[in-house]
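Enquirer: Need the 3D shape of this:
(one chain, ligands or ions: 2)
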Amino acid sequence: MIETEFYIGLMSGTSLDGIDAALVCFSDGKASTLATHYIPYPEDVRREALALQSSGPDELHRTALLSNRLMHLHAEGVKALLAAAQLGPDRITAQGCHGQTLRHRPESGYTLQIGNPALLAELTGIAVVADFRSRDVAAGGQGAPLVPAAHAALFQSTDYHRLILNIGGIANITNLPLQGDTAGFDCGPGNMLLDGWASRHLGLPYDANGAWGQSGNVISGLLEKMLAHPFLDLTPPKSCGREQFGLPWLDGILTGTEEAADVQRCLLELTARSAADAVRRWCAQPERLYVCGGGARNGALMTALTAALPDIEIGLTDQLGVPADWVEAVAFAWLARQHVSGLPGNLPKVTGSQGPRVLGAYYPA
Ligand SMILES: Nc1ncnc2c1ncn2[C@@H]1O[C@H](COP(=O)(O)OP(=O)(O)OP(=O)(O)O)[C@@H](O)[C@H]1O
Ligand SMILES: CC(=O)N[C@H]1[C@@H]2OC[C@@H](O2)[C@@H](O)[C@@H]1O[C@H](C)C(=O)O
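Expert: Ligands and ions are numbered 1, 2, ... in the order given. Sure, this is the predicted structure:
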């Protein structure tokens, strides 16, 4: 008999744009996405999540309040999925909730994704698996990236060597060679710096299609300084966040005389070239690269990436059956299923942990 199970994945990433929610059916080991829904963060939530990325007054109380607010937004997403798929909450085995990263400091022994899974279980009537990263960090790993294991389960090919490049706030690569182990690592900035600079100068959450950045000119000295960021030279396993690629780092390398559009152009090049350099250094010779994450919608960034990797065929994960915007949410449904099945969710070679671990904590319905 073919066993069919339904899981939900909820991802709120480092871009601080909102929550991606996906309802996934696992049947005979194969995943198919039944419904998707996006809940954008209201402006005050986004501002508070950004403010709490660094120390400030009364931050414990504010973090707890924000956690609860986030769970109400997540529950809206879950309700929309159930309505779209016409399923009751009792049909869903569990939901995997990533939570909002406020700090990522594996070198200090912790990574912090906030949320209140107990409240989410109450609001939705569905079991929650949350706090996926801490166990990997406790086992000596980076706690990130976690999606390479899901990419391997969803996208591994027996015909040709594939890479998956997720361009979220931070960019990460999964290497799926024909022979040998799946590899993966954070390769540098994704949209985080592009968004931060666009928000400061245009007052917009992002530079749509990269049009503003493309109107600027590359300042070669500045681009060189950007590409000299020490994180880019580290050998994997490695992971990064706003700590490495936030606006304070950018402000530290600017002279203050640059045109804002030229800086944005350099950030576009930095994002594309740092990913391309990582592919060349650490991924042998892949035949095809599939992009996912919000960066896939940035035409100027995709053009810069194509120019930086002329000998690799570049496409979107849509071609592999999962639309670029939903891969991470689907991955967290997969990770929840791994937990419920008592199976590891991490790849020790990717995160650097001492061994495979069952990830996350379970809150019953
Ligand atoms: N039309 C567009 N033009 C340019 N950029 C876009 C467009 N649409 C989305 N983006 C970018 O995608 C981002 C959202 O991407 P995504 O949802 O993958 O981020 P995330 O979930 O925070 O990722 P991660 O967890 O991997 O850091 C936006 O903040 C923006 O930078
Ligand atoms: C600490 C944290 O939230 N890291 C995110 C971030 O966004 C992309 C990259 O940096 C990756 O390491 C990770 O997210 C994805 C979902 C992951 O764990 O694979």
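Enquirer: Alongside ligand 1, which residues does this protein contribute?
Expert: Neighbours of ligand 1 within the chain, by C-beta under 6 Å from any ligand atom: 11, 13-15, 17, 20, 166, 168-170, 191, 195, 206, 208-210, 293-295, 297-298, 328. C-beta here means a position set from N, CA and C on the backbone, and glycine is covered the same way.
Enquirer: ChimeraX command for the buried members of the residues you listed?
Expert: In ChimeraX syntax, the buried subset of the residues of the chain next to ligand 1 is picked out as below (16 or more other C-beta atoms under 10 Å):
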select :11,13,14,15,17,20,166,168,169,170,191,195,206,210,293,294,295,297,298,328
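Enquirer: Now do the contacts for residue 317.
Expert: 155, 164, 290, 291, 292, 323, 324, 327 (C-beta atoms under 8 Å, 6 or more residues apart in numbering).
Enquirer: Roughly how far does residue 208 sit from residue 191?
Expert: 12 Å (C-beta to C-beta, to the nearest Å).
Enquirer: Equivalent analysis for residue 28, please.
Expert: On the measure of C-beta to C-beta, residue 28 and residue 191 end up 36 Å apart.
Enquirer: sorry, back to before: out of the contacts of residue 317, name the ones that lie in strands.
Expert: Among the contacts of residue 317, the members falling in strands (DSSP state E) are 164, 290, 291, 292.
Enquirer: check contacts around the second one.
Expert: To tie it back to what came earlier, the one meant is residue 290. Shown here is residue 290, whose contacts under the criterion C-beta under 8 Å, 6+ apart are 155, 162, 163, 164, 165, 314, 315, 316, 317, 319, 320.
Enquirer: Apply 7 Å and report the result again.
Expert: Contacts for residue 290 (C-beta atoms under 7 Å, 6 or more residues apart in numbering) come out as 162, 164, 315, 316, 317, 319, 320.
Enquirer: So for it, what's the nearest residue that isn't a sequence neighbour?
Expert: Spatial nearest neighbour of residue 290, chain neighbours left out: residue 317 (4.7 Å); criterion: C-beta to C-beta, 6 or more residues apart in numbering.
Enquirer: What are the phi and psi values at that neighbour?
Expert: Per-residue torsions, residue 317: phi -70, psi -10 (degrees, to the nearest 10).
Enquirer: Can you give me the domain assignment for this structure?
Expert: 4-143+325-363, 147-320 (automatic domain parsing).
Enquirer: Tell me how many other residues surround residue 67.
Expert: By other C-beta atoms under 10 Å, 19 other residues sit near residue 67.
Enquirer: What separation is there between residue 226 and residue 348?
Expert: Separation of residue 226 from residue 348 (C-beta to C-beta): 31 Å.
Enquirer: what does stretch 179-193 rub up against?
Expert: The contact list for stretch 179-193 (C-beta under 7 Å, 6+ apart) reads 14-15, 144-145, 148, 152, 167-176, 206, 231-232, 236-240, 242, 245, 250, 267, 270-271, 274-275, 278, 293-295, 347, 349-350.
Enquirer: do that stretch and ligand 2 meet?
Expert: Yes - counting by C-beta under 6 Å from any ligand atom, ligand 2 is contacted by stretch 179-193 at residue 186.
Enquirer: again with stretch 342-351
Expert: No - using C-beta under 6 Å from any ligand atom, stretch 342-351 stays clear of ligand 2, with a minimum separation of 8.8 Å.
Enquirer: Span of that stretch from start to end?
Expert: Terminal residues of stretch 342-351 lie 19 Å apart, using C-alpha to C-alpha, to the nearest Å.
Enquirer: what sits up against stretch 333-343?
Expert: Counting by C-beta under 7 Å, 6+ apart, 5, 7-9, 22, 24, 26, 31, 93-96, 129, 132, 146, 150, 153, 344-345, 358-360, 362 sit against stretch 333-343.
Enquirer: now do 8 Å
Expert: 5, 7-9, 22-24, 26, 31, 93-96, 127, 129, 132, 146, 149-150, 153-154, 344-345, 358-360, 362.
Enquirer: All the strands of the stretch 1-150 of the chain, in order from the start?
Expert: Using DSSP state E, counting those that start in this stretch, the strands of the stretch 1-150 of the chain run over 4-11, 18-27, 30-40, 92-97, 100-105, 110-114, 128-130.
Enquirer: Include mean pLDDT and distance to residue 47 when you put the ones you listed into JSON lines, please.
Expert: Shown next, in JSON lines, are the strands of the stretch 1-150 of the chain (pLDDT from 0 to 100; distance: least, C-beta to C-beta, whole Å):
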{"stretch": "strand 4-11", "mean pLDDT": "97", "distance to residue 47": "20"}
{"stretch": "strand 18-27", "mean pLDDT": "97", "distance to residue 47": "13"}
{"stretch": "strand 30-40", "mean pLDDT": "96", "distance to residue 47": "13"}
{"stretch": "strand 92-97", "mean pLDDT": "98", "distance to residue 47": "22"}
{"stretch": "strand 100-105", "mean pLDDT": "96", "distance to residue 47": "13"}
{"stretch": "strand 110-114", "mean pLDDT": "98", "distance to residue 47": "15"}
{"stretch": "strand 128-130", "mean pLDDT": "99", "distance to residue 47": "24"}
